[in-house]
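Trainee: Here you go, sequence then predicted model.
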Amino acid sequence: MTLPLYAYSFAEDFVLLYPVYALLFAAHGLSVTQISSLFVVWSAVGFLAEVPSGALADIAPRRYLLAAAPVMTGTAFALWLLLPGYPAFAAGFVLWGLAGSLTSGTVEALVHTELSRRDAQDRYASVMGRARALGVGATGAATLAAVPVMSWGGYPAVATASVAACALCCAAALMLPENRTATTQEPTDDDESYVAVLRIGLAEVRTDREILRTVALVIVVASFWGVLDEYVPLLLADASVAPATIPVVLALVWAGVSVGGLVAGAAAALPAVGFGSLVALAGIAIGCGALVHGPLGWTCLGVGFGICQAATVIADARLQARISSASRATVTSIAGLGTDVATTATYPIYALVCAVSSHSTAFVAFAVPYVLIGGVVVLTRFE
């Protein structure tokens, strides 16, 4: 099971268009406002489809949904290549947003269900940690590969390579094992089965305090560092780091993130005190990394983000362990939706903090929640 999962995780993020698609839009005459509106479309589709697609993954074969997602993404990239223009770009982002919602919650539910069937659910954090690390590595590799491919064949070559990666991702999904009973795979009475699964998942989050607290933990742990990593280049530029050095620093930071994913399995065994202390340490490391310039500060950022990556995987593993209903993907998607909402809300707050201070201050401000949530976990002994 792990080999196709790891292949899926790598191929899903090995998309050479990632670092250049905004340039593609600009090259075809789109203004900054139009490009921003495309991102709004992308986010809006993801918000609206997140939980409904999670419920779908609780009644339909999950590996087929995971196979459909890269087909949709590849179709989006093909549209951008063949019919470049605002309508095609918008349609592509609709498809990409739907694809993202299909995978969110579905991967986690499939992996945990298959591991549980083999009495190996304790391996969940290790397996997902490696998958996340491979995704990070694939993004970095795609960024590096995009430069020579772009120089050789321009946007057509980059887009074609991205479609090919999506095809490989689809093939990997179809190789994933899935063993669920027929009643959990297929709707039994038109829409009633779907509505029932959706209702059960929503009720489980609303009424089970342990699950609700774990969902909140997933949201807090995953959202803030997911925003901060977007601003690392600006933080470095604000600290007068030479432009030629910034990619090297980014590589160091993302190496830390990859290591965090790889050690998540071992860290998952930590008790509440250890886990809470780890989360608090992440906040301290990020804050120090923002304030201390030079190699020491960069290393602190890598350590902080790496711990956040590990903590995100561990929080998800603890959520999966608490879900007892058949609505596993639905509950996971609710956590994903909460993370998306928190992330989106963080961007304007970050911009506001930066407007009155600096990137360093903003990093410190958003590192504080990790110290606080770590302290809460330690004090409440929340496992």
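Mentor: Thanks, I have the structure now.

Trainee: which residues touch Ile47?
Mentor: Quick fix: residue 47 is Phe, not Ile. Residues near Phe47 by CB atoms under 8 Å, 6 or more residues apart in numbering: Leu337, Asp340, Val341. Any C-beta I mention is one placed from the backbone N, CA and C, and that applies to glycine too.

Trainee: mind checking pLDDT for it?
Mentor: Phe47 carries a pLDDT score of 90 in this model.

Trainee: Which secondary structure element of the protein has the lowest mean pLDDT?
Mentor: helix 182-185 (a mean of 41; mean pLDDT, DSSP states H and E).

Trainee: circling back to that earlier point, and the contacts of Phe47, which of them are in strands?
Mentor: Per DSSP state E, strands hold no members of the contacts of Phe47.

Trainee: Next SSE downstream of the least confident helix or strand of the chain?
Mentor: helix 191-207 (DSSP states H and E).

Trainee: what distance separates that next one from the centre of its chain?
Mentor: 24 Å (CA atoms, centre = their mean, to the nearest Å).

Trainee: cool, and stretch 274-292?
Mentor: Centre-to-centre, stretch 274-292 and its host chain are 21 Å apart (CA atoms, centre = their mean).

Trainee: how about it: buried residues?
Mentor: 275-290, 292 (16 or more other CB atoms under 10 Å).

Trainee: in the chain, which helix has the most residues?
Mentor: When every helix of the chain is counted residue by residue (DSSP state H), the longest turns out to be helix 124-174.

Trainee: list the helices and strands it packs on?
Mentor: helix 2-13, helix 62-82, helix 106-117, helix 246-262, helix 264-267, helix 295-322 (3 or more CB pairs under 8 Å, 6 or more residues apart in numbering; DSSP states H and E).

Trainee: relative orientation of it and helix 106-117 in degrees?
Mentor: 110 degrees (axes from the mean of the first three to the mean of the last three CA atoms, to 10 degrees).

Trainee: what angle do helix 124-174 and helix 295-322 make?
Mentor: Using the same axes, to 10 degrees: helix 124-174 against helix 295-322 is 80 degrees.

Trainee: hang on, the earlier thing: how about a markdown table for the helices and strands packed on helix 124-174, with distance to Glu210 and mean pLDDT added?
Mentor: Putting these into a markdown table (distance: least, CB to CB, whole Å; pLDDT from 0 to 100) gives the following:
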| stretch | distance to Glu210 | mean pLDDT |
| --- | --- | --- |
| helix 2-13 | 27 | 96 |
| helix 62-82 | 25 | 97 |
| helix 106-117 | 17 | 94 |
| helix 246-262 | 25 | 90 |
| helix 264-267 | 21 | 93 |
| helix 295-322 | 6 | 95 |
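
Trainee: returning to what we had before: any chance of a ChimeraX selection covering the buried ones in the contacts of Phe47?
Mentor: For the buried members of the contacts of Phe47, the matching ChimeraX selection, counting by 16+ other CB under 10 Å, is:
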select :337,340
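
Trainee: out of the contacts of Phe47, who's nearest Val32?
Mentor: When the contacts of Phe47 are compared for distance to Val32 (CB to CB), Asp340 comes out closest, at 23.0 Å.

Trainee: and that closest one, how far is that from Ser101?
Mentor: In this view, Asp340 and Ser101 are 10 Å apart by CB to CB, to the nearest Å.

Trainee: Give me the common contacts of those two.
Mentor: Common neighbours of Asp340 and Ser101, using CB under 8 Å, 6+ apart, are Gly46, Glu50.

Trainee: In contact with Asn93, which residues?
Mentor: Quick fix: residue 93 reads Phe, not Asn. By CB under 8 Å, 6+ apart, the residues touching Phe93 are Leu38, Phe39, Val41, Trp42, Val45, Ala76.

Trainee: Now, of those residues, which are buried?
Mentor: Going by neighbour count (16+ other CB under 10 Å), the contacts of Phe93 have Leu38, Val41, Trp42, Val45, Ala76 buried.

Trainee: rewinding a little: out of the contacts of Phe47, name the ones that lie in helices.
Mentor: Going by DSSP H, the helices hold Leu337, Asp340, Val341 from the contacts of Phe47.

Trainee: I'd guessed the second one sits against Glu50; true?
Mentor: Yes. In this structure, Asp340 sits in contact with Glu50. The criterion is CB atoms under 8 Å, and the distance is 6.6 Å.
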